[in-house]
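S.K.: What shape does this take:
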Amino acid sequence: MPGEITIYTDGASGGNPGPGGYGVVLISGKHRLEKSAGFKLTTNNRMELMAVIEGLESLKIPGSKVTVYTDSKYVADSVEKGWVFKWESKEFKKKKNSDLWVRFLKIYRKHNVRFTWVKGHANNIENEVCDKLAVNAYQKKSLPEDTGYYPENDNDKSL
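M.R.: Numbers count the residues shown, from 1 in each chain. Next comes the predicted model:
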């Protein structure tokens with residue numbers, strides 16, 4: 001049986017849309033992994049969700065017990081309140097970030113995942129680390145495209 005894994009995540013963008021990045025800290029026992037990446041044009045919500053996906057995709061053992069700490073109500077509530085499963089049943093019609101939600105559900109179902117919302121910028125040390133990782137990632141030069149982001153879809157105000 002795999003041990004418990006803690007994942008802290010954060011997404012950030014310089015403008016919404018604008019350049020964006022995510023930061024992830026994974027902790028399991030004495031092991032720690034930090035990940036981050038930035039994109040040329042994206043949104044804060046996409047980066048919040050991307051952080052969770054990247055964290056979960058980093059896990060090597062299926063069936064891991066995982067607690068994800070996020071300051072994103074968008075991500076935490078979408079899962080914990082069951083919204084994403086309703087969206088999935090309707091094939092994500094008129095929902096933003098459907099490419100990422102499909103990717104999320106694929107990896108989410110391989111583990112036992114629980115979300116805990118934390119207040120952002122409230123001195124949670126690991127959340128602050130994730131924020132710095134995310135901001136530093138999008139401030140780099142020569143950022144890649146977020147190939148799933150389509151600015152014209154931002155006219156749709158649904159989640």
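
S.K.: just the strands in this protein please.
M.R.: Under the criterion DSSP state E, the chain contains strands at 4-13, 18-28, 31-42, 65-70, 112-117.

S.K.: closest one to Asn127 among these?
M.R.: Taking CB to CB as the criterion, Asn127 comes closest to strand 4-13 out of the strands of the chain, the separation being 5.7 Å. Where you see a C-beta, it was placed from the backbone N, CA and C, and this is true even at glycine.

S.K.: Just the CA atoms of the closest one, as PDB, please.
M.R.: Listed in PDB are the C-alpha atoms of strand 4-13, where the atom choice follows Å, rounded to 0.1, in the frame of the first residue of the first chain:
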ATOM      1  CA  GLU A   4       0.300   9.200   2.000                       C
ATOM      2  CA  ILE A   5       1.300  12.000  -0.400                       C
ATOM      3  CA  THR A   6       0.700  15.700   0.200                       C
ATOM      4  CA  ILE A   7       0.600  18.000  -2.900                       C
ATOM      5  CA  TYR A   8       0.600  21.800  -2.600                       C
ATOM      6  CA  THR A   9      -0.400  23.600  -5.800                       C
ATOM      7  CA  ASP A  10      -0.700  27.200  -7.100                       C
ATOM      8  CA  GLY A  11      -1.200  28.900 -10.400                       C
ATOM      9  CA  ALA A  12      -0.500  32.500 -11.300                       C
ATOM     10  CA  SER A  13      -0.800  34.800 -14.300                       C
END
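
S.K.: just to revisit the earlier point, determine which of the strands of the chain approaches Val102 most closely.
M.R.: So among these, strand 112-117 is nearest, using CB to CB, at 16.1 Å.

S.K.: could I have that closest one exported to PDB, CA atoms only?
M.R.: In PDB, the C-alpha atoms belonging to strand 112-117 read as follows (Å, rounded to 0.1, in the frame of the first residue of the first chain):
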ATOM      1  CA  ASN A 112      -7.600   8.300  -3.800                       C
ATOM      2  CA  VAL A 113      -7.600  12.200  -3.900                       C
ATOM      3  CA  ARG A 114      -9.000  14.600  -1.400                       C
ATOM      4  CA  PHE A 115      -8.900  18.400  -1.800                       C
ATOM      5  CA  THR A 116      -8.300  20.900   0.900                       C
ATOM      6  CA  TRP A 117      -8.700  24.600   0.200                       C
END
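
S.K.: For that strand, enumerate the helices and strands it packs against.
M.R.: strand 65-70, helix 73-80 (3 or more CB pairs under 8 Å, 6 or more residues apart in numbering; DSSP states H and E).

S.K.: Direction included, what does that strand pair against?
M.R.: Applying DSSP bridges, strand 112-117 is found paired with strand 65-70 (parallel).
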